[in-house]
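Engineer: coords please:
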Amino acid sequence: MVIDIYDFYDKMERNNIMLSFKGDITSDLLTSILQIMESKLDNWQEEPKVKKKVYNVLVECLQNLYHHMDTLTPDQEDKIRSAIFMIGKMDVGYSIITGNYIRNENIPGLKKLLDDINVLSKEELKEYYKAVLNNGEMSIKGGGGLGMIDIARKTGEKLNFEFTAVDEKYSFFSLNIKISQ
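Structural biologist: Residues are numbered from 1 along each chain as shown. Predicted coordinates for the structure are as follows:
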């Protein structure tokens with residue numbers, strides 16, 4: 001397979017992609033990504049408030065990838081714990097994009113959670129977060145959606161997401177988060 005590396009570079013440059021990763025998500029990788037992004041934000045002398053918001057949302061996005069990724073069956077071994085992550089600088093903020101495989105049976109619950117979050121106001125999100133935290137209803141993997149609620153609260157933006165069918169068992173879940181300055 002021949003890859004036109006300049007074309008790939010050019011697409012990343014045009015979309016202002018600062019960091020991109022595809023592969024196995026590990027705790028060591030998460031630590032490295034966070035260190036790299038903290039350094040980049042420092043080098044750009046980003047305002048402390050913006051830096052904190054980007055960093056906190058980045059932590060939530062990466063933790064969601066690490067903790068909530070569905071384990072695939074042996075016939076899908078090449079994709080086990082494989083995901084994609086990108087962060088880009090926009091004119092007035094940042095964009096964090098994540099993608100990972102999800103079992104089709106898990107889509108309705110996640111879609112409902114994300115749709116429910118997207119219709120809430122800032123104050124309603126705050127109350128919803130407290131309610132989930134206080135009622136102790138956590139998913140098998142923990143959290144009960146707190147990470148997604150927190151992302152919506154911190155960004156003040158709707159969660160932009162998509163499910164792309166892969167086969168009869170799996171789909172690819174993508175999440176695009178905008179962080180305004």
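Engineer: phi, psi of the residue nearest the centre of the chain?
Structural biologist: By CA atoms, centre = their mean, the chain has its centre lying nearest to C61, at 3.5 Å. For C61, the backbone dihedrals (degrees, to the nearest 10) come out as phi -60, psi -50.
Engineer: tell me the contacts of it?
Structural biologist: 85, 96, 98, 151, 175, 177 (CB atoms under 8 Å, 6 or more residues apart in numbering). Every C-beta, even on glycine, is put in place using the N, C-alpha and C of the backbone.
Engineer: quick check: the fourth one is in a strand.
Structural biologist: No - when the secondary structure is assigned by DSSP: H, G, I helix; E, B strand; the rest coil, I151 falls in helix instead of a strand.
Engineer: pLDDT score for it?
Structural biologist: We have a pLDDT of 96 for I151.
Engineer: could you do R14 as well?
Structural biologist: The model's pLDDT for R14 equals 88.
Engineer: could you do the one 4 residues further on as well?
Structural biologist: pLDDT, M18: 90.
Engineer: what does M1 give?
Structural biologist: 59.
Engineer: surely E38 and Y55 touch.
Structural biologist: Yes - with contact defined as CB atoms under 8 Å, E38 reaches Y55; the gap is 6.4 Å.
Engineer: what's the following helix or strand after whatever helix or strand V50 lives in?
Structural biologist: Assigned by DSSP states H and E, V50 belongs to helix 48-68. Counting by DSSP H and E, the element after helix 48-68 in chain order, helix or strand, is strand 82-90.
Engineer: ok, L41 - how many residues close by?
Structural biologist: L41: 21 surrounding residues under other CB atoms under 10 Å.
Engineer: what about dumping the CA coordinates of stretch 110-128 to PDB?
Structural biologist: Provided in PDB are the C-alpha atoms of stretch 110-128 (Å, rounded to 0.1, in the frame of the first residue of the first chain):
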ATOM      1  CA  LEU A 110     -25.600   5.800  24.700                       C
ATOM      2  CA  LYS A 111     -27.600   7.600  22.100                       C
ATOM      3  CA  LYS A 112     -30.400   8.300  24.600                       C
ATOM      4  CA  LEU A 113     -27.900   9.600  27.200                       C
ATOM      5  CA  LEU A 114     -26.300  11.900  24.600                       C
ATOM      6  CA  ASP A 115     -29.600  13.100  23.200                       C
ATOM      7  CA  ASP A 116     -30.800  13.700  26.800                       C
ATOM      8  CA  ILE A 117     -27.700  15.800  27.600                       C
ATOM      9  CA  ASN A 118     -28.100  17.800  24.400                       C
ATOM     10  CA  VAL A 119     -31.500  19.100  25.200                       C
ATOM     11  CA  LEU A 120     -30.600  20.400  28.700                       C
ATOM     12  CA  SER A 121     -29.700  24.000  29.600                       C
ATOM     13  CA  LYS A 122     -26.600  24.900  31.500                       C
ATOM     14  CA  GLU A 123     -28.500  24.900  34.800                       C
ATOM     15  CA  GLU A 124     -30.300  21.700  33.900                       C
ATOM     16  CA  LEU A 125     -27.000  20.000  33.200                       C
ATOM     17  CA  LYS A 126     -25.700  21.100  36.600                       C
ATOM     18  CA  GLU A 127     -28.700  19.600  38.300                       C
ATOM     19  CA  TYR A 128     -28.600  16.400  36.100                       C
END
